[in-house]
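S.K.: Dropping the sequence and predicted coords here.
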Amino acid sequence: NAGVTQTPKFQVLKTGQSMTLQCAQDMNHNSMYWYRQDPGMGLRLIYYSASEGTTDKGEVPNGYNVSRLNKREFSLRLESAAPSQTSVYFCASSELAANTGELFFGEGSRLTVL
Amino acid sequence: TQLLEQSPQFLSIQEGENLTVYCNSSSVFSSLQWYRQEPGEGPVLLVTVVTGGEVKKLKRLTFQFGDARKDSSLHITAAQPGDTGLYLCAGVQGNNRLAFGKGNQVVVIP
């Protein structure tokens, strides 16, 4: 059972470089989310997609873009990486359209921006 | 301002001891979730509490939702090393958005 799969698991970037984090879920869930987790800050919502074809900003969207490619896939793009974006990024999915149901998380993508 | 305050932030205990961690807020939640996150992994849902005053048990873990639905507690009886992890509470607000606390880091020493 794959659940939520994120790639890559680790990435080191230089300031100004761009990259895309990929996420795919095989549970036929409607909603998908991107969070970042920083020491002392907890989990913060970057963007979410309540259903295929829709995306909305979360708590900390600046510096990021997302694409809901289809029902399975939700990608997060950093156009010009900054050291402040060093973090662990988690993709999650849920069955319910509203952000109220159980979230299933991937294993995380650890990003370091030098 | 953090919507959900979790305390203590860090707790280290010996195997076999009991512990209680707390998740508090001044806001009312329609439901509250508890997740456990192990090192290098994503959070995994343990329980959802919905009704004020509700108590749910998951083996040695007891979860309680406050009567006013503003707070919750997690009690672990006879802690085991496998209980080590970051415990996150998450509350569902009136706008159907989920807000996470910063977590309770629990370390159980064998």
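M.R.: Received it, and whenever you're ready, just let me know what you need.

S.K.: Listing request: residues of chain A with sub-threshold pLDDT.
M.R.: A:1, A:97-100 (pLDDT under 70).

S.K.: Report how many residues lie close to the residue of it found nearest chain B.
M.R.: Across chain A, no residue is closer to chain B than A:Phe105, which sits at 3.0 Å (Cβ to the nearest Cβ). (Glycine included, C-beta is placed from N, CA and C.) When neighbours are counted by other Cβ atoms under 10 Å in any protein chain shown, A:Phe105 registers 23.

S.K.: Determine the three-state secondary structure at the nearest residue to it once chain neighbours are set aside.
M.R.: Distance criterion Cβ to Cβ, 6 or more residues apart in numbering or on different chains; nearest residue to A:Phe105, sequence neighbours excluded, is B:Gly42 at 3.0 Å. Here B:Gly42 is coil, with the state taken from DSSP: H, G, I helix; E, B strand; the rest coil.

S.K.: So which bits of chain A are right by chain B?
M.R.: A:4, A:40-45, A:90, A:92, A:98-100, A:102-108 (Cβ under 8 Å from any Cβ of the partner chain).

S.K.: Remind me what the helix or strand bottoming out on mean pLDDT in chain B packs against, helices and strands.
M.R.: Ranked by mean pLDDT, DSSP states H and E, the weakest helix or strand in chain B is strand B:98-100, scoring a mean of 87. Counting contacts by 3 or more Cβ pairs under 8 Å, 6 or more residues apart in numbering or on different chains; DSSP states H and E, strand B:98-100 is packed against strand A:42-49, strand B:85-92.

S.K.: And the last one, what does it pack against?
M.R.: Helices and strands in packing contact with strand B:85-92 are listed as strand B:5-7, strand B:19-24, strand B:31-37, strand B:71-76, strand B:98-100, strand B:104-109; criterion 3+ Cβ pairs under 8 Å, 6+ apart.
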